[in-house]
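S.K.: no sequence for this one, just the structure:
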């Protein structure tokens, strides 16, 4: 049997051993962790800075400190709003002191508002710009879908995919917005415009100017201007760059894109692009196919002169299934569209204040609608409800299958059938 003194000594020994183990664990954890402090140029702590290292992530606290559990050094990426993103090496057990630099002022430069490069503040207009990275982040959607994101513009589509899509800028009529492709007007005479078949895969940037621009572009720009800029090749890159992608979805929908860009001899640059979107649709005669191709080729005649040509061709076939909500299908109505735009431009700069330019633009749109067969007659049946009173009304409850009309309709309703 152990005496009381022996038990007390054993307890003290166990407590001291446990304390030493905890202290050693804390020291090991401290020495193996990646930690540091993030400050601004004045030395003040930066709260909310994101530190990413080898798939791990930490956020700096009120005092600017952060901690990442790790046993090896790594290259950490540190970013915070209003500061430049920095990459620093973090070493376990060596607290790092990271001083972020203030980010520069970001200016958005547009050409459409003044016909020469200027910031939105200098031009004094309300505008938005989509650059190549913005288009890539959205997986190169249709131009109409991009415009839906902007304030002051409303896009409406009447019918199925591929049917008429119109844009209304600041509440003006649909003929008040001018659309340009590398300076070539794409509106019909009178200002009519259909965005349904315009894709963004071949574009470098999109500029949207909201507000009257008739002084520069004429009456068709009474509400705003949308200008699309085709992607160019890089004259400094002699090795060609090619990309290809393919996507597939429901209803037999697929989409492919290919692109080739490069330069030759330091003078010639080129960018070629082709794409196609197809869909079988949900209903009979509801298919849609849109094929487009573009070429942007430039040649430097000298250090201050250049000639550039841009060609874009779009070809689409759209089925017109009819009044699908009522079960009325038109099985042969089709709409074919072929849109061709060409521009050739020569520029010659004589000093920093003088630029002479000669350009040629050509646009042709061929849109044909065919419906050779006389459809019908169609049998329709509906369930309606009559509301008597001083001004009697009849409300539609729902559509019925003409081949399976119930013998006894629900109370308070009646069946209406007709051939159209």
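M.R.: Yep, that arrived. This structure is a prediction, so every number in the text was calculated from the model and none was measured. Numbering: from 1, shown residues only.
S.K.: All the helices of the stretch 201-350 of the chain, in order from the start?
M.R.: In the stretch 201-350 of the chain, helices defined by DSSP state H, counting those that start in this stretch lie at 214-217, listed in chain order.
S.K.: Help me confirm that residue 95 comes into contact with residue 34.
M.R.: No: Residue 95 sits out of contact with residue 34 when judged by Cβ atoms under 8 Å, with a separation of 9.1 Å. For the C-beta atoms, the positions are set from N, CA and C on the backbone; glycine is no exception.
S.K.: the more surrounded of those two?
M.R.: Using other Cβ atoms under 10 Å as the criterion, residue 95 and residue 34 rank with residue 34 on top: 27 against 14.
S.K.: beta partners of the more buried one?
M.R.: Under the criterion DSSP bridges, residue 34 forms beta bridges with residue 68.
S.K.: Can you give me the distance of residue 228 to residue 188?
M.R.: 17 Å (Cβ to Cβ, to the nearest Å).
S.K.: More neighbours: which of the two?
M.R.: With neighbours defined as other Cβ under 10 Å, residue 228 and residue 188 compare such that residue 228 has more, 23 against 14.
S.K.: Let me see the contact set for the more buried one.
M.R.: Shown in contact with residue 228 (Cβ atoms under 8 Å, 6 or more residues apart in numbering): 143, 179, 180, 181, 182, 198, 203, 206.
S.K.: and it, bridged to which residues?
M.R.: residue 181, residue 206.
S.K.: Please tell me how far it sits from residue 144.
M.R.: Taking Cβ to Cβ as the criterion, residue 228 is separated from residue 144 by 12 Å.
S.K.: and for the two, which residues touch both?
M.R.: With contacts defined as Cβ under 8 Å, 6+ apart, the residues adjacent to both residue 228 and residue 144 are residue 198.
S.K.: contacting residues for the spatially most central residue of the chain?
M.R.: For the chain, the residue nearest the mean C-alpha position is residue 138 (3.6 Å; Cα atoms, centre = their mean). Residue 138 makes contact with residue 146, according to Cβ under 8 Å, 6+ apart.
S.K.: Kindly report the domain assignment for the chain.
M.R.: When the chain is parsed into structural domains using automatic domain parsing, the resulting residue ranges are 4-99, 109-230, 241-370, 379-419.
S.K.: Format these as TSV; extra columns: mean pLDDT.
M.R.: Putting the domains of the chain into TSV (pLDDT from 0 to 100) gives the following:
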stretch	mean pLDDT
domain 4-99	73
domain 109-230	88
domain 241-370	91
domain 379-419	89
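S.K.: which of the ones you listed is buried the deepest?
M.R.: The highest mean neighbour count among these belongs to domain 109-230 (a mean of 18), with neighbours defined as mean count of other Cβ atoms under 10 Å.
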